[in-house]
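Participant: sequence first, then the predicted structure:
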Amino acid sequence: MQSFLGFAGYQRQNIKYFARISKLLYKLCDQQTVYEMTEERVKEYEELKNALTNAPFLLIPDLKLPFKLYIDSCGEGLGTSLNQTQIINDKPVEGPICFISRLIKPTEARYGARQMECLFLV
């Protein structure tokens, strides 16, 4: 499992909501956790495997154009997408450049919605 998560972690910028998708699998690597592939963990494994094989088309950033940052938070984690609108085949297309996500820490779980979404800006 550690090898799979290492490979998947290398691709984390290409996978939207990586931290949320891989949460239960990372807990399996903890020495205090009994290694048991529950139905939830198998579902999470399949979802992560699917995300790896169907990763979205990422744009190459053009530093001359403006960027858009989309931030989302929930009770478990934070996610953001750095996007840009570029001209592709004579049409404006907005697409992702990269995705970043992480699980929230116990102290951050007490934050309000605005504070949670501001965590990515710090």
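Facilitator: Structure received.
Participant: what distance do you get for residue 12 to residue 19?
Facilitator: 8 Å (C-beta to C-beta, to the nearest Å). The C-beta positions use only the backbone N, C-alpha and C, and glycine is treated the same way.
Participant: joint contacts of those two?
Facilitator: residue 101 (C-beta atoms under 8 Å, 6 or more residues apart in numbering).
Participant: centre of the chain to the helix of greatest length in the chain, how far?
Facilitator: Determined from DSSP state H, the single longest helix within the chain is helix 39-53. Computed by C-alpha atoms, centre = their mean, to the nearest Å, the separation of helix 39-53 from the middle of its chain amounts to 14 Å.
Participant: off-centre distance for whatever helix or strand comes next after it?
Facilitator: Where DSSP states H and E defines the elements, the next helix or strand beyond helix 39-53 is strand 67-73. Put simply, strand 67-73 sits 12 Å off its chain's centre (C-alpha atoms, centre = their mean).
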